[in-house]
Structures are given as structure tokens and as C-alpha cells.
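Trainee: need coordinates for the below:
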Amino acid sequence: MKNLLQFLTRYSNFLIFLILEVVAFILITTTNHYQQSATWSAANKIVASIQHLATNITDYFSLREENVRLAEENAYLKTQMMLMNNASESVVERDSQYIYSHLDWEYIPAKVIGLTTHKQHNYLTINKGSYDGIVEDMGVVNQDGVVGIVSAVSERYALVVPLIHTEMNLSCRIQTNNYIGRTHWLGTNSTQLQLEDISRHVTVNKGDTIITSGLTPVFPSGILVGVVEQTNLTNSDNYHHITLQIAADYRKLSYVQVIHNRATHNIEYQTNQSLWSGLEK
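Mentor: Numbering: from 1, shown residues only. Below you'll find the predicted structure:
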């Protein structure tokens with residue numbers, strides 16, 4: 001109490017001045033319309049700036065939830081598009097094989113939580129597993145195109161073999177002429193694939209679009225794999241030497257969708273313990 005009285009005594013003149021200034025300010029702003037309007041305008045700008053800053057901060061910290069929501073929405077929309085296509089499509093037979101365009105497909109959103117791109121045998125890990133309906137041999141895509149195929153599953157996580165894996169082969173076709181080939185990764189450039197088994201009589205041009213063939217139940221037909229970047233053919237070659245630019249950018253991979261083929265994946269899956277234990281070493 002004594003200290004408070006000493007403080008008030010020492011700064012009494014300043015405190016009286018401050019009180020009088022506040023009273024004068026209140027009188028001016030309450031009795032003059034112009035000053036009142038100017039004061040409210042300035043106050044509103046300050047409040048609006050504070051609210052804008054608070055909103056930006058809130059939006060920044062909610063980006064994670066927003067990304068998850070968008071991933072789930074994209075998966076839902078892709079599923080609905082497939083259901084609409086399935087209603088109008090029928091089984092197409094080609095060379096004694098069936099195009100699996102008539103099957104029911106469902107897209108399950110997932111987040112990439114681990115990824116390698118510099119090895120011969122690259123893998124990526126997603127945060128969905130058998131608990132979420134993921135089983136072995138499900139296709140994985142993102143908004144750009146094919147990513148890979150699920151190879152091993154635990155209860156909460158799944159391991160995916162990407163296109164940039166030297167033992168990964170994917171059936172695909174040239175969109176312009178429907179000729180079937182397969183992709184192969186040479187183990188060097190994580191942005192390029194080789195398209196093999198395309199006969200020399202087939203016309204292949206730089207910029208041609210390469211899509212999934214639909215000859216397996218892993219991927220529906222028509223998903224983008226890549227674009228022809230270079231093609232070479234000598235007089236002694238029976239097949240084209242074709243280099244593709246991969247559609248999916250593995251360096252920026254964040255969210256993916258796992259493709260559930262209801263006609264082939266309605267089975268129980270036993271976790272591949274040997275593969276998981278081998279990777280953990």
C-alpha cells in the first residue's frame with residue numbers, strides 16, 4: 001500500500017494529465033460527428049487488421065485438416081465417376097483377355113509418410129492398412145497418375161512399390177493407337193521410365209500419352225502413366241526404344257488414393273511379415 005501511494009505521489013501530475021486527455025478525447029468524439037466518424041473508422045481498421053491476422057494464423061494451422069478433407073473429397077469424387085462409368089460400360093474382350101472396365105472401383109485416400117527415390121528398389125509407406133480395407137496388390141494413384149502397387153500391409157500401414165522400382169512392370173497402352181506395352185525402370189532417373197514391347201511397325205511420336213491398359217484388375221483402364229519423351233529405332237531393331245516422362249512427381253508426393261477393386265479384393269489379407277521385417281533391418 002505504501003509503495004502504491006509513493007507511485008501515485010511521484011507520478012500524480014502525469015496521471016492527472018493522462019486522465020484529462022482521455023476525458024477530452026471522449027468529449028470530442030462524442031459531441032462532434034466528424035471526429036466520431038474518424039475515430040470509429042480508425043478503430044475498425046485496427047480491429048479488421050487484427051482479425052485478418054488471426055484468420056491467417058488459424059488458416060495456416062488448419063491446412064493439414066484441409067488437405068485431409070480435400071484428399072477424402074477427391075477419392076469420393078473419383079469413386080462416383082467410376083460408378084457412373086461402370087453403369088454404362090460392359091466387358092471388352094481383346095486377344096482372349098478381358099478389359100476390367102466393368103468392375104466396381106473405390107478410391108481410398110491416404111497420406112505418404114515415407115518414401116525413397118534414390119535406390120534400385122524404392123518403396124513408399126502410406127498411413128492406411130488392413131484396418132482401412134487395404135490389401136496386397138491394390139493400385140495406388142494420385143492426382144497426376146499412377147504411383148505404384150501395394151506390396152505389403154500391416155494393420156495401420158501399407159508398403160507400396162512405385163513405378164521407380166527395377167522389378168516393377170506395368171501393363172499400359174499408347175492412347176492414340178491402343179498398342180499394348182509394359183513399363184520398366186532402369187534405376188537411374190526417378191522421373192523417367194522405359195516403355196517396352198512396342199513393335200517397330202507401330203507409330204510412336206514424342207508427346208504421345210501412355211495410360212493403363214486395363215488388362216489387369218489392379219488399375220482401371222485409362223489412368224495416366226506418362227508421356228513419350230524420346231523414341232529411337234534403328235534398322236536392326238524389332239522394338240522401339242521409348243523413354244517416358246512419369247506423370248507422378250515422386251519428389252512432391254504427399255497424398256495418394258488406393259484403388260479398391262470390389263470384385264477381386266473382398267478377401268482377408270495376411271500380413272507379409274517377412275517383407276516388413278526385412279525393411280526394418
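
Trainee: direction included, what does the longest strand along the chain pair against?
Mentor: The longest strand of the chain (DSSP state E) is strand 105-115. Partner strands and pairing direction for strand 105-115 (DSSP bridges) are strand 124-126 (antiparallel), strand 255-261 (antiparallel).

Trainee: want to throw the ones you listed into CSV with mean neighbour count and mean pLDDT?
Mentor: All C-beta atoms are positioned from the backbone trio N, CA, C, and that covers glycine. Converted to CSV, the strands paired with strand 105-115 look like this (neighbours: other CB atoms under 10 Å; pLDDT from 0 to 100):
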stretch, mean neighbour count, mean pLDDT
strand 124-126, 23, 93
strand 255-261, 23, 90
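
Trainee: now distance to T203 too, for those strands, in CSV please.
Mentor: Below are those laid out as CSV (distance: least, CB to CB, whole Å):
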stretch, distance to T203
strand 124-126, 35
strand 255-261, 31
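
Trainee: nearest to N178, of those?
Mentor: For N178, the closest of the strands paired with strand 105-115 is strand 255-261, at 21.6 Å, according to CB to CB.

Trainee: for that closest one, C-alpha coordinates in CSV please.
Mentor: Extracted in CSV, the C-alpha atoms of strand 255-261 (Å, rounded to 0.1, in the frame of the first residue of the first chain):
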residue,chain,number,x,y,z
TYR,A,255,-1.4,-37.6,-50.7
VAL,A,256,-2.5,-40.6,-52.8
GLN,A,257,-5.6,-42.8,-53.4
VAL,A,258,-5.6,-46.5,-53.1
ILE,A,259,-7.8,-48.2,-55.7
HIS,A,260,-10.1,-50.9,-54.2
ASN,A,261,-11.4,-53.3,-56.9
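
Trainee: where does pLDDT dip in this structure?
Mentor: 1-2, 4, 7-8, 25, 27-103, 264-281 (pLDDT under 70).

Trainee: kindly report the domain assignment for it.
Mentor: Following automatic domain parsing, one finds the domains of the chain at 2-61, 71-280.

Trainee: about what we covered before: quick one, which of the strands paired with strand 105-115 is nearest to E167?
Mentor: Going by CB to CB, the one of the strands paired with strand 105-115 nearest E167 is strand 124-126, 15.0 Å.

Trainee: what residues does the closest one touch?
Mentor: For strand 124-126, contacts defined as CB atoms under 8 Å, 6 or more residues apart in numbering pick out 110-116, 134, 140, 147-148, 157-160, 162, 250, 253, 256, 258.

Trainee: on that earlier part again, so which bits of the longest strand of the chain are buried?
Mentor: Using 16 or more other CB atoms under 10 Å as the test for burial, strand 105-115 gives 105-112, 115.
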